[in-house]
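Student: the following block contains a protein sequence and its predicted model.
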Protein chains: 2
Amino acid sequence: MEGLCRSPRHEKALTTEKMAANVKKVQYAVRGALVLRAYEHEKTLKNNPDKLPFKRITYCNIGNPQSLGQKPITFFRQVIALTEYPALLETSGVEKLFPQDAIDRAKEFLSVGGPTGAYSESQGREHVRKDVAAFINERDGFGPNDSYANPNNIFLFDGASPAVQTSLRILLRDEKDGVMIPIPQYPLYSATIPLMGGSPISYYLDEEKNWALSPKELERAVKEAKEKGITPRGLVIINPGNPTGSILDRENMKDIIRFCHRENILLMADEVYQNNVYVQSKPFVSFKKVLSETPECKNELELLSFHSTSKGLVGECGKRGGYVEMTNIDESVKQEFYKLVSVNLCPNIIGQLMMDLVIRPPAKNGPSRALYEQETTTIYDSLKRRAELVVGKLNSMDGVTCNPSEGAMYALPQIHLPAKAVEEAKKKNLAADAMYCLELLDQTGLCVVPGSGFGQKEGTYHFRTTILPSEEQLTEVMELFSSFHKKFLEKYQ
Amino acid sequence: MEGLCRSPRHEKALTTEKMAANVKKVQYAVRGALVLRAYEHEKTLKNNPDKLPFKRITYCNIGNPQSLGQKPITFFRQVIALTEYPALLETSGVEKLFPQDAIDRAKEFLSVGGPTGAYSESQGREHVRKDVAAFINERDGFGPNDSYANPNNIFLFDGASPAVQTSLRILLRDEKDGVMIPIPQYPLYSATIPLMGGSPISYYLDEEKNWALSPKELERAVKEAKEKGITPRGLVIINPGNPTGSILDRENMKDIIRFCHRENILLMADEVYQNNVYVQSKPFVSFKKVLSETPECKNELELLSFHSTSKGLVGECGKRGGYVEMTNIDESVKQEFYKLVSVNLCPNIIGQLMMDLVIRPPAKNGPSRALYEQETTTIYDSLKRRAELVVGKLNSMDGVTCNPSEGAMYALPQIHLPAKAVEEAKKKNLAADAMYCLELLDQTGLCVVPGSGFGQKEGTYHFRTTILPSEEQLTEVMELFSSFHKKFLEKYQ
């Protein structure tokens, strides 16, 4: 009657049966089914605050500090506000509203980089890339103008994730090409490798030894891959570790470098947590630095190192700023990177400027320095206390063991689940830790990610929680964990 | 001696010979070799302002208005500055620095959406998606709360380009899957389709008829593709046209809709220039609107429509804000979109808020409205004058014919090149129009893109120039074009 059915021949152009096969393979638990259920609970609570056995959802599924109340660094936001609305710079009395170094930095950004509303070079603004190179030089103990790091080798991106994705997109030819990833790992990698058509090659971190990475395990994994006809092309290392929270030592890093060099493997160093180190005995050292100390590999090993505005003591996740530094990468390959990023025109400018601010905070003698140090120290000290509190509390729970959170923003406890719980999960067609996390969410409003989302040794169960709820909240959160866990054990005993 | 060569076995892990084949296929002229040469010239001029026969590079290769002096909309930037640095909202006297409606909007963004430093939902903030849906409803003549557009069908992205890329990534299975693209077209499409493994299917716009799109030509292109064993899965329409500047009429759009419906093809409507229409007789009508008027297809035809902060009268390219609206898309396919965008966590927040501002400018009765209207009217009137000036001047040149620039930001003249020039280019292994553009750059500093970068009928030559230099500059720019062209003809006569 309405003419809607005149064309019996029409069928859907795009269905999950008729879409790219590689897309189907992608799994991403950090924002998967559990999180969507948390959003639903949140909506329920909005309409009816008494309907659920808790008053609010606490998102411990993702390292998103500002969503849990962490305040941005004042200087950074002052500079961004002035750069976005330059009329303020001309307002009389602006120096009463903003410190002089913020005013100067905004003026510098505008005069050297131009308006924030314009596309930049595809690779990112040159002045930002110069600052990043100077930062890397200084961080690794070279002079700020040393040739060690070079702005041409820096590509800015909308966060570290698209930098990783673009790298894998260029590297991987087909499913015979493999990339070695730690188990457990951040699922960006396990999601992106099949998406780009390659094969993940798992190497296992040793939970008994504080998630250590043994070169022997790398050898084993490579051997197994080769036997399956898979060529290892890349190796991903996350240091400090996500989700493990562990930190590599220098000798270990040298072994990894030599291993990659020997096997002609591109090393991808995810170093986005380089400012999140809570153990004095294990300061962060970059792979680039250790490579510079490994003469036989120094000028040959191909290294990509990733950094971001989202982590550290800054947590500017929403800005989507990040970069990759390329070491010993073939010039013609760099041109392919350039071509690919050109298709997307450029990374967002505010993210680029935030990246600049993160690696070039207010100068030591400037008026904003004291506040900057106070803010970052407060955040750092608190993160360190929270890391200890969370791990301590988890270890005090029956059937829970957790390695120290030496760095990053997470704890990854092993939960020893009763056989009955494992059986019950099997009946529900769920991973046992997924069932645990689901019950946790439904009973307490705490949202964490099951270990199965990161990979784990067969027969073990984990979950990852961030350490990010504020200290005021955290005690309550840990009580919720603890009493839920007790009840869970009782239920399935 | 230095131990650098101890490992004779080492070979590069990543070379252009050992990289993804699809990446090799990508071509992207808008930021290709010519632009890199322009950057080089710019550096030369910086060090030695007298070394080249011109004083500055004028970038007419890309629609980047703010890089050529267009000012941002004051209200938008006021709101962003306040949202980025909320301490300003608490400053006494803030109402003297900012109009009340900017203050209110910033407060709303913060209270409804939370801090800009946090990741949002993967799909983009809900409040922004609601506003986008209301905008679409109103634009297309429905009530703001109509069910016609729905926030769940909106996905925010870092610009329209990644929205297009994600769509093609999901759609395309292998080289037997084709996507129909206009010739000439914006090279995002010709670059991305092979990158995602599919095959472009060219359909030609009719230059003689003001770049009209004829349904017969679509039929021809489909037939040819099918004969080659390629299944047409999608059809790209850019309206208003890039690079052509032409605008489709309603009947033509209906024909296209019926064609896609009959052939079970996903329609991808690139509508980023919807606010750049300079001809009163051809107002912009969205494909969604025309679909709603086509009863036999209305509830069936799958439509993706793209919009952006980068174009219009706003030109906030650096913000990287954009969205796709999905109509009649399968729920399970939407979930695949959700999964894919989750891997990248979220689009940048400032880009999301800028998208909100673009589609929800200051209210009619608010204190910022008059200035907003003045600013946008000034930009609009000027763009319209510039479109006419550029096209008029081009048509006055010997051997140049140019269709009117009815919309978007470009003119695409055909240049009738002397046989000797074509021969010379062949010797240099260049497309003849690429040689023309290269000589133009080297002699005048004007940077435009050769027609070969967009596709053109065999044996014809074009270039695309933006109409974006300021009116003060533009007369001089057109003189440069004109005198270069004369000399070029003389040289090769």
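Tutor: Structure received. All figures in this text were calculated on a predicted structure; none of them were measured in a lab.

Student: what about A:Asn50, how many residues close to it?
Tutor: Slight slip there: residue A:50 is Asp, not Asn. 7 (other CB atoms under 10 Å in any protein chain shown). To be clear about C-beta, it is placed using only N, CA and C from the backbone, and glycine gets the same treatment.

Student: sorry, slip of the keys, the one I care about is A:Ile80.
Tutor: Counted by other CB under 10 Å, the residues lying close to A:Ile80 total 28.

Student: can you tell me which residues contact it?
Tutor: A:350, A:353-354, A:357, B:84-85 (CB atoms under 8 Å, 6 or more residues apart in numbering or on different chains).

Student: ok, now with 7 Å
Tutor: Contacts of A:Ile80 were listed using CB atoms under 7 Å, 6 or more residues apart in numbering or on different chains, and they are A:350, A:353-354, B:84.

Student: let's have the residues you listed in JSON lines, adding pLDDT and secondary structure.
Tutor: Conversion of the contacts of A:Ile80 to JSON lines gives the following (pLDDT from 0 to 100; DSSP: H, G, I helix; E, B strand; the rest coil):
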{"residue": "A:Ile350", "pLDDT": "98", "secondary structure": "helix"}
{"residue": "A:Leu353", "pLDDT": "98", "secondary structure": "helix"}
{"residue": "A:Met354", "pLDDT": "98", "secondary structure": "helix"}
{"residue": "B:Glu84", "pLDDT": "98", "secondary structure": "helix"}
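
Student: helix, strand, or coil at the residue nearest to A:His127 when sequence neighbours are not counted?
Tutor: Spatially, and ignoring its direct neighbours in sequence, A:His127 is nearest to A:Val112 (4.6 Å; CB to CB, 6 or more residues apart in numbering or on different chains). Remark: A:Val112 carries the secondary structure label helix [criterion: DSSP: H, G, I helix; E, B strand; the rest coil].

Student: one more: the one 5 residues further on?
Tutor: Three-state call for A:Gly117 (three-state DSSP): coil.

Student: now do the nearest residue to it once chain neighbours are set aside, the pLDDT please.
Tutor: In space, and not counting its chain neighbours, A:Gly117 is closest to B:Gln66: 3.7 Å by CB to CB, 6+ apart. At B:Gln66, the predicted lDDT confidence score is 93.

Student: cool, A:Glu2 as well?
Tutor: Residue-level pLDDT assigned to A:Glu2 equals 41.

Student: quick one, what contacts A:Thr74?
Tutor: With CB under 7 Å, 6+ apart as the criterion, the residues that contact A:Thr74 are A:371, A:375.

Student: and with 6 Å instead?
Tutor: When contacts are counted by CB atoms under 6 Å, 6 or more residues apart in numbering or on different chains, A:Thr74 is found next to A:Leu371.

Student: show me where chain A has its strands.
Tutor: For chain A, the strands defined by DSSP state E occupy A:58-59, A:154-157, A:177-183, A:199-204, A:231-238, A:266-270, A:303-308, A:322-327, A:400-401, A:410-411, A:414-415, A:446-447, A:449-450, A:463-466.

Student: and the angle from the longest one to strand A:303-308?
Tutor: With axes from the mean of the first three to the mean of the last three CA atoms, to 10 degrees as the basis, strand A:231-238 and strand A:303-308 are set at 40 degrees to each other.

Student: look up how far A:Leu303 lies from A:Arg173.
Tutor: Summarising the geometry, the distance separating A:Arg173 from A:Leu303, computed by CB to CB, to the nearest Å, is 21 Å.

Student: more crowded one of those two?
Tutor: Remark: of A:Arg173 and A:Leu303, A:Leu303 carries more neighbours, 21 against 18, as counted by other CB under 10 Å.

Student: circling back: and the residue nearest to A:His127, what pLDDT?
Tutor: Model confidence at A:Val112 (pLDDT) stands at 95.

Student: residues near it, how many?
Tutor: Under the criterion other CB under 10 Å, the count of neighbours that A:Val112 has is 12.

Student: cool, and the one 10 residues further on?
Tutor: In terms of burial, A:Ser122 registers 23 neighbours under the definition other CB under 10 Å.

Student: which non-adjacent residue is nearest it?
Tutor: Of all residues not flanking A:Ser122 in the chain, A:Ser342 sits nearest, at 4.1 Å (CB to CB, 6+ apart).

Student: got a pLDDT number for the one you found?
Tutor: 93.

Student: what sits closest to A:Met397 if chain neighbours are left out?
Tutor: Taking CB to CB, 6+ apart, and ignoring the residues beside it in sequence, A:Met397 has A:His485 as its nearest neighbour in space, at 5.2 Å.

Student: list the contacts of whichever residue of the stretch 351-493 of chain A sits closest to chain B.
Tutor: Each residue of the stretch 351-493 of chain A has a distance to chain B, by CB to the nearest CB, and the smallest belongs to A:Gly351, at 5.7 Å. Residues near A:Gly351 by CB under 6 Å, 6+ apart: A:158, A:319-321, B:348.

Student: hmm, which of the residues you listed are the buried ones?
Tutor: For those, a neighbour count by 16 or more other CB atoms under 10 Å in any protein chain shown gives the buried set as A:158, A:319-321, B:348.

Student: alpha carbons of stretch A:184-195, as PDB, please.
Tutor: Once side chains and other backbone atoms are set aside, the C-alpha atoms of stretch A:184-195 remain, and they are given as PDB (Å, rounded to 0.1, in the frame of the first residue of the first chain):
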ATOM      1  CA  PRO A 184      49.000 -10.700  28.600                       C
ATOM      2  CA  GLN A 185      48.900  -7.600  26.300                       C
ATOM      3  CA  TYR A 186      47.000  -4.500  25.600                       C
ATOM      4  CA  PRO A 187      44.300  -5.600  23.100                       C
ATOM      5  CA  LEU A 188      45.100  -2.800  20.600                       C
ATOM      6  CA  TYR A 189      47.700  -5.300  19.300                       C
ATOM      7  CA  SER A 190      45.700  -8.400  19.200                       C
ATOM      8  CA  ALA A 191      42.900  -6.500  17.600                       C
ATOM      9  CA  THR A 192      45.000  -4.700  15.000                       C
ATOM     10  CA  ILE A 193      47.200  -7.500  13.800                       C
ATOM     11  CA  PRO A 194      44.400  -9.600  12.300                       C
ATOM     12  CA  LEU A 195      42.700  -6.500  11.100                       C
END
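
Student: burial of A:Lys43, as a residue count?
Tutor: 10.

Student: ok, A:Asp177 - contacts?
Tutor: A:198, A:231, A:233.

Student: give me the buried subset of the residues you listed.
Tutor: With neighbours counted by 16+ other CB under 10 Å, the contacts of A:Asp177 contain buried members at A:198, A:231, A:233.

Student: distance check, the second one against A:Glu302.
Tutor: The reference is to A:Thr231. In this structure, A:Thr231 lies at 15 Å from A:Glu302, with CB to CB as the measure.

Student: how about the helices in the stretch 101-250 of chain A?
Tutor: A:126-139, A:160-171, A:187-195, A:215-227, A:250-263 (DSSP state H, counting those that start in this stretch).

Student: switch these over to TSV; also include mean neighbour count.
Tutor: What follows is the helices of the stretch 101-250 of chain A, written out as TSV (neighbours: other CB atoms under 10 Å in any protein chain shown):
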stretch	mean neighbour count
helix A:126-139	21
helix A:160-171	24
helix A:187-195	24
helix A:215-227	15
helix A:250-263	19
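
Student: want to throw the ones you listed into CSV with distance to A:Leu97 and mean pLDDT?
Tutor: Compiled in CSV, those are given as follows (distance: least, CB to CB, whole Å; pLDDT from 0 to 100):
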stretch, distance to A:Leu97, mean pLDDT
helix A:126-139, 25, 97
helix A:160-171, 33, 97
helix A:187-195, 40, 95
helix A:215-227, 55, 97
helix A:250-263, 46, 96
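
Student: now the ones you listed as JSON lines including distance to B:Leu205?
Tutor: Rendered in JSON lines, the data for the helices of the stretch 101-250 of chain A read as follows (distance: least, CB to CB, whole Å):
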{"stretch": "helix A:126-139", "distance to B:Leu205": "37"}
{"stretch": "helix A:160-171", "distance to B:Leu205": "31"}
{"stretch": "helix A:187-195", "distance to B:Leu205": "34"}
{"stretch": "helix A:215-227", "distance to B:Leu205": "50"}
{"stretch": "helix A:250-263", "distance to B:Leu205": "50"}
